[in-house]
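Q: sequence first, predicted model second:
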Amino acid sequence: MANYTAADVKKLRELTAAGMLDCKNALVEADGDFDKAVEIIRVKGQKGVTKREGRSAQNGLVAGKAEGNLGVLLELNCETDFVAKGERFRALADEILTTLVESKIGDLDTFLSSAYAAGKTVTDHINEGNAMLGEKIELRRIIVVDGSPAAVYLHRTSPDLPPQVGVLVQLTNEAGKIASDIAQHIAAFSPQFVSKEDVPAETIESERHIAEETARNEGKPEAALSKIVDGRVVGFIKEVTLLEQAFAKDNKKTVKQILSEAGTEVKTFARFRVGQA
């Protein structure tokens, strides 16, 4: 009979996010030696890394940090919410975030192949987490901004999950709490572009076509079609562009007006939602 307790199984499961049976078997194989059981799970997990490559990783978390003019945001994915809630997965995300802040590398492939520690790359470190946790772990996307004030906002959609929505916003110049307020607004209203000038012409043309077909199907009079379509396209642009949206904390003003009053502008922003494009 192996010398371990139910508390050992629970601790091993929390540390590695491995299944209960896997934890029990590892403790049995290790004859109750907790550290050896951890190593057994890691080794068996590493053997399964290749097998997990084709599996879907739609759970996970977003993590980010803003320090003065530097801001970073990342999305780290796993297969189940059980692993996403685990201490080791969250620690892995923090380790990657720290490396991203230090390297300031904004291209994902370049960052993955960059040095992590002791001769390992960031990819090597993620694969070690993959092996430990027994699931496909994937760094899906990153963004790094530098050179002017940045802010990060992280939002929990459920109290028992790590942040599932993350926003990074960069302003042209310092404006007190405005950057944080705008980041929260973006989290809530999901704009796709900064301004109407950023909306691709083909997107507007597609929306115009949809608006026209919809109006015809609704039986709108031919003479009024042009005006109706123009109005709907304008409404679409207001919906998807940050500057045209009504500000979350004062819906009598647009985001553009709020920024103008603060004497600043949005250079760029990114909004990550776990599992979504």
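A: Nice, thanks for sending it over. None of the values given here were measured: they were computed from a predicted structure. Numbering: from 1, shown residues only.

Q: helices and strands of the protein: which one has the lowest mean pLDDT?
A: Within the chain, no helix or strand scores below helix 49-52, which has a mean of 48 by mean pLDDT, DSSP states H and E.

Q: continuing past that helix, what's the next helix or strand?
A: As assigned by DSSP states H and E, the chain's next helix or strand after helix 49-52 is strand 59-67.

Q: which ones are touching residue 185?
A: 242, 245, 247, 248, 249, 255 (Cβ atoms under 8 Å, 6 or more residues apart in numbering). To be clear about C-beta, it is placed using only N, CA and C from the backbone, and glycine gets the same treatment.

Q: in a helix, it, correct?
A: Yes. Assignment of residue 185 by DSSP: H, G, I helix; E, B strand; the rest coil places it within a helix.

Q: tell me how far it lies from residue 142.
A: According to Cβ to Cβ, to the nearest Å, residue 185 and residue 142 sit 22 Å apart.

Q: on that earlier part again, helices - which of the contacts of residue 185 land there?
A: When these are checked against helices (DSSP state H), the matches are residue 255.

Q: biggest separation within the contacts of residue 185, which pair?
A: 242 and 249 (14.2 Å; Cβ to Cβ).

Q: these two: which is more packed in?
A: The residue with more neighbours, out of residue 242 and residue 249, is residue 242; 25 against 10, by other Cβ atoms under 10 Å.

Q: I'd assumed residue 194 was in contact with that one.
A: Yes. Contact criterion Cβ atoms under 8 Å: residue 242 and residue 194 qualify, at 5.3 Å.

Q: mind checking how far the closest residue to residue 248 other than its chain neighbours is from residue 139?
A: Closest residue in space to residue 248, ignoring its immediate chain neighbours: residue 185 at 4.2 Å, by Cβ to Cβ, 6 or more residues apart in numbering. Separation of residue 185 from residue 139 (Cβ to Cβ) stands at 27 Å.

Q: residue 169 too?
A: 21 Å.

Q: tabulate the CA atom coordinates of the strand or helix carrying residue 238 in PDB.
A: Using DSSP H and E, residue 238 sits in helix 225-240. Taking Å, rounded to 0.1, in the frame of the first residue of the first chain, the C-alpha atoms of helix 225-240 are listed here in PDB:
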ATOM      1  CA  LEU A 225     -33.700  53.300 -50.400                       C
ATOM      2  CA  SER A 226     -30.600  55.500 -50.800                       C
ATOM      3  CA  LYS A 227     -31.400  57.600 -47.700                       C
ATOM      4  CA  ILE A 228     -32.200  54.500 -45.600                       C
ATOM      5  CA  VAL A 229     -29.100  52.700 -46.700                       C
ATOM      6  CA  ASP A 230     -26.900  55.700 -45.900                       C
ATOM      7  CA  GLY A 231     -28.400  55.900 -42.500                       C
ATOM      8  CA  ARG A 232     -27.800  52.300 -41.700                       C
ATOM      9  CA  VAL A 233     -24.200  52.500 -42.900                       C
ATOM     10  CA  VAL A 234     -23.700  55.500 -40.600                       C
ATOM     11  CA  GLY A 235     -25.200  53.500 -37.700                       C
ATOM     12  CA  PHE A 236     -22.900  50.600 -38.500                       C
ATOM     13  CA  ILE A 237     -19.800  52.900 -38.400                       C
ATOM     14  CA  LYS A 238     -20.900  54.400 -35.100                       C
ATOM     15  CA  GLU A 239     -21.200  50.900 -33.700                       C
ATOM     16  CA  VAL A 240     -17.800  49.500 -34.700                       C
END
